[in-house]
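Asker: Give me a 3D structure for the following:
(one chain, ligands or ions: 2)
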Amino acid sequence: MSENCIFCKIIEGDIPSTTLYEDEEFKVIFDIFPASKGHVIILPRYHAANIFELPQEITAKAFVLAKKIATVLKKVLGCDGINILQNNGEAAGQTVFHLHIHVIPRFKDDNMGLTWKQGQASLEVLEEIVTEAKKYL
Ligand code: AMP
Ligand code: ZN
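Answerer: Ligands and ions are numbered 1, 2, ... in the order given. Okay, the predicted model is just below:
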């Protein structure tokens, strides 16, 4: 539990939310400003600001749960697709600094607009990245 963290307060029940599912390690709630019908966020009970701070075991379980929730939402809503996404850092669009995973049902022609301008890959740049990354992988 981290003081002044809105998601910790939701997990504790101090701030109201609508829960789809919960267990010992996670709470899955409906996003208050949904991108689409059925948009939920998966909150680990453990307070980690972002993916870098999340223990390995919880990280693994979180994605397994994301698959379960996505599968259930697909059945319940009959949506045509699902985005599973997770933002780390302000530059990446994170606004609440308690790690969470978005599960966003998608419908044909929903015009939600989760796209980006396509860039151009440079082999030289990619090779540089691989060389550097190998030091840590
Ligand atoms: P992010 O931009 O990835 O940090 O996402 C934060 C998400 O939390 C946004 O989609 C918000 O709509 C959602 N959110 C913020 N406050 C609440 C709340 N009290 N209950 C449910 N969802 C919330
Ligand atoms: Zn928190």
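
Asker: What does the pLDDT read for the spatially most central residue of the chain?
Answerer: Centroid-nearest residue in the chain: residue 101, 1.6 Å away (criterion: C-alpha atoms, centre = their mean). In this model, residue 101 is scored at 98, pLDDT.

Asker: The closest residue to it other than its chain neighbours: what secondary structure?
Answerer: Once flanking residues are discounted, residue 101 sits nearest to residue 42: 4.2 Å by C-beta to C-beta, 6 or more residues apart in numbering. Yep, even glycine has a C-beta here, placed from its N, CA and C like the rest. Residue 42 falls in the strand class when you classify it by DSSP: H, G, I helix; E, B strand; the rest coil.

Asker: any idea how far residue 103 is from residue 47?
Answerer: Between residue 103 and residue 47 the distance is 20 Å, computed by C-beta to C-beta, to the nearest Å.

Asker: Same check on residue 69?
Answerer: Applying C-beta to C-beta, the value for residue 69 to residue 47 is 21 Å.

Asker: between those two, which one's more packed in?
Answerer: Neighbour count, other C-beta atoms under 10 Å: between residue 69 and residue 47, residue 69 has more, with 22 against 18.

Asker: Chain neighbours aside, what residue packs nearest to that one?
Answerer: residue 103 (5.1 Å).
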